[in-house]
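fold the following and give me the result.
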Amino acid sequence: MLLHVIARGKIARSPEAELVARYEKRIAWPVKFTELPETGGKVSDPASPHRTVLLDERGRDLTSREFAAILERWRDEGVREARFVLGAADGHSREERQDADLLLAFGKATWPHLLARAMLAEQLYRATTIVAGHPYHRD
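The predicted structure follows:
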């Protein structure tokens, strides 16, 4: 299953970009990072079947194991692409939230966009290691 991170805004050269790159290289599953401008821009149609996850402050606050279990279930169900969408500064529209398969939050705090992207990359790496039985994640 392709893990496709779609983010508004450019990460440029920064400590957060280095973290994202570090985890991107470590993820054993197929992974793709797409950057879009703050407004507009288009991303190709997803491989079907697919799932859409929006990072949103109204989302579920999952443990790493719960997140891994969702990805594992989707993979085992034959989902070809899981899209993880980080919105622009104003977040996602009501319609986008209603159409999403999962709203995901990293706690109740609001995180800077670049840091949220790095946190997502780490959680994707952690989830895939949990599914693989790799010792990276310790309870």
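
please enumerate the strands of the protein.
Per DSSP state E, the chain carries strands over the ranges 2-8, 31-36, 50-60, 81-86, 102-104.

turn those strands into CSV, including distance to residue 70 and mean pLDDT.
C-beta: built from backbone N, CA, C; applies to glycine. Shown next, in CSV, are the strands of the chain (distance: least, Cβ to Cβ, whole Å; pLDDT from 0 to 100):
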stretch, distance to residue 70, mean pLDDT
strand 2-8, 12, 96
strand 31-36, 16, 95
strand 50-60, 9, 95
strand 81-86, 9, 97
strand 102-104, 7, 97
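
which one of the ones you listed lies nearest to residue 111?
Among those, the nearest to residue 111 by Cβ to Cβ is strand 50-60 (8.8 Å).

buried stuff in stretch 30-50?
Neighbour counts using 16 or more other Cβ atoms under 10 Å place 31, 33, 35-36, 46, 50 of stretch 30-50 among the buried residues.

mind putting the strands of the chain into CSV with distance to residue 120?
Formatted as CSV, those follow (distance: least, Cβ to Cβ, whole Å):
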stretch, distance to residue 120
strand 2-8, 6
strand 31-36, 10
strand 50-60, 7
strand 81-86, 6
strand 102-104, 8
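
nearest residue to the middle of the protein?
residue 84 (3.7 Å; Cα atoms, centre = their mean).

so that residue sits right up against residue 51, yeah?
No. Using Cβ atoms under 8 Å, residue 84 is not in contact with residue 51; the gap is 9.5 Å.

common neighbours of those two, please.
Where contact means Cβ atoms under 8 Å, 6 or more residues apart in numbering, no residue is in contact with each of residue 84 and residue 51.
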